[in-house]
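Asker: How does the following fold in three dimensions:
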Amino acid sequence: MRLAVSILFAVAASPATAAPIYITASAMIDPTTGKSVGHPAIVIDDGKIIAVGSALTMKPPAGAEIIDLGEKMILPGLIDMHTHLIGDAALGGYNGIGETREAAAIWGVVNAKKTLDAGFTTVRNVGAGDFADVALRDAINSGLVTGPRMFVSGPSISIIGGHCADNNLLPNDFHMLGEGVASGPWEMRAKVRTNIKYGADLIKTCSTGGVFSKGTIPGAEQNTIEEISAIVAEAHQRGLKVASHAHGTAGIKNAIKAGVDTIEHASYLDKEAINMAKSKGVYLAMDIYNTEYTQTEGRANGVLEESLRKDAEIAEIQRESFREAVKAGAKVIYGTDSGVYPHGDNAKQFAWMVKYGMTPAQAIRSATSLAAEALGKEKSLGQIKPGYAADIIAVDGDPLSDVTVLEKVGFVMKDGVVYKSE
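Answerer: Numbers count the residues shown, from 1 in each chain. A predicted model of the protein is given here:
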């Protein structure tokens, strides 16, 4: 296979001052149609796609840099809608208490590069302490470090002793509450305002307990509808979307009634909850792969026995909920919960999505055009079209027939800059 690439690892290059780029490959996937087209040619300038056509008829602009990807297949950069880049993913349970905020931030830099190298050019980071995700996003945007385009929530907002906002591992002696803890609608609004003040792109809350928090029950409700509604109203009037962690059926329905934009995990879905999500246009980000890692490596990483039990109890239920949501035509988007398992393995979930009811084309769309729609960026991300960001990846083989080829991405471009080329 011939692979002639004229720009290699051009991280320091400025797309604004570079010559136009002309990319060709064997084929290209259009996620909106679920089909591939042969002999694509793409012209990129100033980090944007300016023309898409056939290499048989569309010639490169004068002076263009040529990237010929030979027999590779190209598709838009992938989007993971549920990540946790900050911190060491191998520290479970009490092991994580010893991780300093400085160490967690450094791990964020490492994890960001692994994620981009895996072909995920955009992520939504849903929950990070100390606004470390804001700092990482800004460092990536400035070119200081390498990583995907990030949309970040800052600290998650929820109740005392609940999942995602409080630290239930610490005993009463410390008299400490998490930085995202609030009680009542007005305190919840204040937390939203604080997160916006310090740079959040979206708001994350938790409407049920969770797997990896001590003493919470995944199916149990957290936050009253009034509290969730206050969070949503405050966020929406400032132009921010709201993601709600919700495993249990009642918590899922509460969050949808309150007007959230995405449901994270969505483990215990019934027909009513699925229909509610469909009628309200709510997206479901269902992480159906990571239990494989938790059950094989979690104990060695220090994950609590309580958490291992909860994960085992919920795994197959969530996967069957995923199957029913897909069958019903709900908007299921790609979200992996990376950080629960190693960063860079994000694409391993594709195979599980196909196993539990999606076609390869649907799975790819969930991580490209549909994910971009959920972000509110459907006119700039998730497709290879004129006017869109030049986020392009390439793989050997055809993911429409074997989705596992996405687990080994050989070429990564973000905003017209090549970050990886094998």
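
Asker: any idea how this protein splits into domains?
Answerer: Following automatic domain parsing, the chain resolves into domains at 4-77+383-421, 78-375.

Asker: Which of the ones you listed comes out lowest on mean pLDDT?
Answerer: Taking the average pLDDT of each of the domains of the chain, the minimum falls on domain 4-77+383-421, with a mean of 90.

Asker: Determine which stretch of the domains of the chain is the most buried.
Answerer: With neighbours defined as mean count of other C-beta atoms under 10 Å, those peak in mean count at domain 78-375, which reaches a mean of 21. All C-beta spots, glycine's among them, are computed from the backbone N, C-alpha and C.

Asker: Could you measure from Ser369 over to Asp133?
Answerer: The gap separating Ser369 from Asp133 is 25 Å, by C-beta to C-beta, to the nearest Å.

Asker: my bad, Glu226
Answerer: Distance from Glu226 to Asp133, counting by C-beta to C-beta: 28 Å.

Asker: got it, and Val43?
Answerer: Separation of Val43 from Asp133 (C-beta to C-beta) stands at 34 Å.

Asker: Now Lys204: closest residue in space that isn't a chain neighbour?
Answerer: Ser153 (3.9 Å; C-beta to C-beta, 6 or more residues apart in numbering).

Asker: That neighbour and Asp201 touch, don't they?
Answerer: Yes: counting by C-beta atoms under 8 Å, Ser153 does reach Asp201; the two are 7.2 Å apart.

Asker: you'd agree Asp311 is up against Thr296?
Answerer: No: with contacts defined as C-beta under 8 Å, Asp311 does not count as touching Thr296, sitting 11.3 Å away.

Asker: Backbone dihedrals for the residue nearest to Lys204, please?
Answerer: Its backbone dihedrals place Ser153 at phi -110, psi -20, with angles given as degrees, to the nearest 10.

Asker: who touches it in this structure?
Answerer: The neighbours of Ser153, taking C-beta atoms under 8 Å, 6 or more residues apart in numbering as the test, are 124-128, 133, 195, 200-204, 243.

Asker: Keeping just the C-alphas, turn the longest helix seen in the chain into PDB.
Answerer: Taking DSSP state H as the criterion, the chain has its longest helix at helix 305-328. Written as PDB, here are the backbone C-alpha positions of helix 305-328 (Å, rounded to 0.1, in the frame of the first residue of the first chain):
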ATOM      1  CA  GLU A 305     -16.100  -4.600  45.900                       C
ATOM      2  CA  GLU A 306     -19.400  -2.600  46.200                       C
ATOM      3  CA  SER A 307     -18.700  -1.000  42.800                       C
ATOM      4  CA  LEU A 308     -17.700  -4.300  41.100                       C
ATOM      5  CA  ARG A 309     -21.000  -5.800  42.300                       C
ATOM      6  CA  LYS A 310     -23.000  -2.800  41.100                       C
ATOM      7  CA  ASP A 311     -21.200  -2.900  37.700                       C
ATOM      8  CA  ALA A 312     -21.900  -6.600  37.300                       C
ATOM      9  CA  GLU A 313     -25.600  -6.200  38.200                       C
ATOM     10  CA  ILE A 314     -26.200  -3.400  35.800                       C
ATOM     11  CA  ALA A 315     -24.100  -4.300  32.800                       C
ATOM     12  CA  GLU A 316     -26.500  -6.700  30.900                       C
ATOM     13  CA  ILE A 317     -29.500  -4.600  31.800                       C
ATOM     14  CA  GLN A 318     -27.900  -1.500  30.300                       C
ATOM     15  CA  ARG A 319     -27.000  -3.400  27.100                       C
ATOM     16  CA  GLU A 320     -30.500  -4.700  26.700                       C
ATOM     17  CA  SER A 321     -31.800  -1.100  27.300                       C
ATOM     18  CA  PHE A 322     -29.400   0.000  24.500                       C
ATOM     19  CA  ARG A 323     -30.800  -2.700  22.200                       C
ATOM     20  CA  GLU A 324     -34.400  -1.500  22.900                       C
ATOM     21  CA  ALA A 325     -33.500   2.200  22.400                       C
ATOM     22  CA  VAL A 326     -31.800   1.500  19.100                       C
ATOM     23  CA  LYS A 327     -34.800  -0.700  17.900                       C
ATOM     24  CA  ALA A 328     -37.200   2.100  18.900                       C
END
